[in-house]
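[1] model this:
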Amino acid sequence: MDDLQHECGVAALYHLPGPKVSPLIPDGDPRNVTRLMPRMLIDLQNRGQLAAGLTSYDASREVILETYREIGTVIEAFRLNREEKAKKIIQEHAGTACIGHVRYATCGENSRSYAQPFERRHGCKWKWFAFGFNGQLANFRQLRQDLLSLSDYHLTRDNDTEVIMHYIAHEHRNDHRPDLVEVFRHLSQKFDGAYNIVYLNAMGDMVVLRDPKGIRPLCYAQDGSLFGAASESVPLANLGFKDIRFLEPGEMILIRDGQVRRERFAPREKSAHCFFEWIYFANVASSLDDRSVYLSRSALGRELALMELQKGRVPIDQDTIVVPVPDTAKAAADAMAHALGVPSVEGLIRNRAVGRTFIEGNNRSDKVKLKYTPLREVLQGKRVLLVEDSIVRSTTLHSLLSHVRERGGAREIHVRVACPPIIAPCFYGIDMSTVKELFAPRFMRGRRPTDEEQDRMAKELGADSLMYLPLEAVSRCIGIEEERLCRACITGDYPTPAGEQLYQLALKTHSAAGDESKGGDGRTYEVCTPDSMNGHAKSSEANGELVVRERVTS
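    Residues are numbered from 1 along each chain as shown. Have a look, this model is predicted:
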């Protein structure tokens, strides 16, 4: 895996008013809700490592909403390795409700000003709010331009989070407390893309919301007087919540005046759950939309084994071993090995002590050597079936294969990918937004790779052979019908209009660039202008020329 990154994770906690305090709250004090948030965010760390933060609510406090955010991992941001500093941060932000966020940037800079939650202060309490956001608005360039076209509007950041903040604020512009269901109903008619939102205002109102397509997962639970929500089930389960449920696409939880309500803010439409959540992003211990991540990955491994036996290209004997690329490929590798009747061994050890910052300045080969240690005692002279969860850019895998062969002493390396080829960008929150950066499209003429095309890919990578899972295996293994999944990155079929427009723009730009040397320096959705959408955006009537520059991100 090429260090593929995800656009953030969100969490929320609310202790409802009443005489009984939830046993999940530390020391029986409802204001200790905030103490639980860093723990939840650690369980969401797989979704973002660049920044972390929270906003707490306390009606008795002079500053009713108080936001803390900092760059770094959760441990770094909340100073959890410095006990006194961590206690001070939490004490200063104690409250009966809070929202939290972990960030990875698919859009905007890596600086504290981009960390979330975002807070908008106001003298009127229901106009004073904070929110965290997980996903990506495919049409945020058009939305941003629409804001800037208004008289005297100014934006300080170049990302969709600030755009969302201003659109929410615009819905609060009247002189009466708004119906928050109606607020987000109006916004759903403007927003195109993936957006899960946790919202908290100075009246003590909370919203937990999943976009109408349900692209990103979102779950919630209640234990007596304590309500919790998170991007995945693991943070809630680890706190002690039992009955964990999943919001349907277009649904929201509204907490107002001490009451919890589940509301529909957008009409029912065909869902588009991101299949990549089960294959790579989500914690393997999580369940998403009642589908176990671990069991889904195990099913992918069994499919790999079946394909291996059908193709019969590699001898399965006492010299054959299965080795996962840690950590996300392990469940698939174990299931594959069991089905083939060969050992699944940890021939690659991941160095968990190597921090993100430490490896940042090194080249790709150095990063691989720092990150993975091949075990020569396990690999030497063996025929290795190396299981990878997916191949996006191939840069990491290319270096890794060389490392396994040279340092590990493997006799043969046969790469097996528990995912179909990635052939198209993602505009919904995964950090791959250009065609040029992707590995598979350089070799493929259609949506399914031929044996010859896979052989050429293997040669490029330095492998003895390469095989991908077929398209139809994804739905089968997850247990959700194809038409209810977003599979845009493996089919080129996008679930929203703006996503499709950006893809056509990316294809046209890639074709115009011609070769690698003509690439530019920006993600498709960051550098395209409303005019470059060729008049297809909902609120654009422009007919300007296509103007996009691309950058290979890795």
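[2] what packs against the biggest helix by length in the chain?
    Scanning the chain for the longest helix, with DSSP state H as the assignment, gives helix 293-311. If contacts are counted by 3 or more C-beta pairs under 8 Å, 6 or more residues apart in numbering; DSSP states H and E, helix 293-311 sits against helix 330-340, strand 383-388, strand 465-468, helix 472-478. C-betas here are computed from N, CA, C, even on glycine.
[3] where do the strands sit along the stretch 451-554 of the chain?
    For the stretch 451-554 of the chain, applying DSSP state E, counting those that start in this stretch gives strands covering 465-468, 485-486.
[4] Packed most tightly, which of the ones you listed would that be?
    Comparing the strands of the stretch 451-554 of the chain by mean neighbour count (mean count of other C-beta atoms under 10 Å), strand 485-486 comes out on top with a mean of 24.
[5] what's next to that one, contact-wise?
    Taking C-beta atoms under 8 Å, 6 or more residues apart in numbering as the criterion, the residues outside strand 485-486 that touch it are 213, 215, 272-275, 428, 474-475, 478, 494-495.
[6] Of these, which is the nearest to residue 320?
    Of all these, residue 320 sits closest to residue 474, with 26.1 Å by C-beta to C-beta.
[7] Against residue 480, how distant is the residue nearest to the closest one when sequence neighbours are not counted?
    With C-beta to C-beta, 6 or more residues apart in numbering as the criterion, residue 474 has its nearest non-adjacent residue at 5.2 Å, and that residue is residue 275. Counting by C-beta to C-beta, to the nearest Å, the separation of residue 275 from residue 480 is 8 Å.
[8] bridging residues for the closest residue in space to residue 205 that isn't next to it in sequence?
    In space, and not counting its chain neighbours, residue 205 is closest to residue 256: 4.9 Å by C-beta to C-beta, 6+ apart. Bridge pairing for residue 256 (DSSP bridges) gives the partners residue 259.
[9] ok, residue 256 - contacts?
    Residue 256 makes contacts with 180, 203-205, as judged by C-beta under 8 Å, 6+ apart.
[10] Tell me which of the strands of the stretch 451-554 of the chain sits nearest to residue 84.
    Smallest distance to residue 84 across the strands of the stretch 451-554 of the chain (C-beta to C-beta): 45.2 Å, for strand 485-486.
[11] Can you list the strands that the closest one pairs with?
    Counting by DSSP bridges, the strands paired with strand 485-486 are strand 273-274 (parallel).
[12] contact partners of the partner strand?
    So strand 273-274 is contacted by 194, 214-217, 281, 288-289, 428, 430, 480, 484-486 (C-beta under 8 Å, 6+ apart).
[13] again, 10 Å this time
    Strand 273-274 has contacts (C-beta atoms under 10 Å, 6 or more residues apart in numbering) with 6, 135, 194, 213-217, 249, 281-282, 288-289, 291, 426, 428-430, 478, 480, 484-489, 495.
[14] How about stretch 59-66?
    Contact partners of stretch 59-66, identified using C-beta under 10 Å, 6+ apart, comprise 17, 31, 34, 54-58, 92-99, 117, 119-121, 125, 128-130, 200-204.
[15] Point out where the stretch 351-500 of the chain drops to low pLDDT.
    Where the stretch 351-500 of the chain drops to pLDDT under 70, the residues are 353-365.
[16] so where do the helices sit in it?
    356-359, 364-371, 376-379, 395-406, 451-461, 472-478, 488-491, 497-513 (DSSP state H, counting those that start in this stretch).
[17] Could you look over these and pick the most buried one?
    With neighbours taken as mean count of other C-beta under 10 Å, the helices of the stretch 351-500 of the chain reach their highest mean count in helix 488-491, at a mean of 23.
[18] Give me the packing partners of it, helices and strands only.
    The contact analysis (3 or more C-beta pairs under 10 Å, 6 or more residues apart in numbering; DSSP states H and E) places helix 488-491 against helix 276, helix 497-513.
[19] lowest-confidence stretch among these?
    For those, mean pLDDT drops lowest on helix 497-513, to a mean of 87.
[20] Would you mind confirming that residue 510 makes contact with residue 435?
    Yes. Using C-beta atoms under 10 Å, residue 510 is in contact with residue 435, at 4.0 Å.
[21] Make JSON lines from the contacts of strand 485-486 and add distance to residue 228 to it.
    Formatted as JSON lines, those follow (distance: C-beta to C-beta, whole Å):
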{"residue": "213", "distance to residue 228": "24"}
{"residue": "215", "distance to residue 228": "22"}
{"residue": "272", "distance to residue 228": "26"}
{"residue": "273", "distance to residue 228": "21"}
{"residue": "274", "distance to residue 228": "22"}
{"residue": "275", "distance to residue 228": "26"}
{"residue": "428", "distance to residue 228": "25"}
{"residue": "474", "distance to residue 228": "30"}
{"residue": "475", "distance to residue 228": "30"}
{"residue": "478", "distance to residue 228": "25"}
{"residue": "494", "distance to residue 228": "32"}
{"residue": "495", "distance to residue 228": "29"}
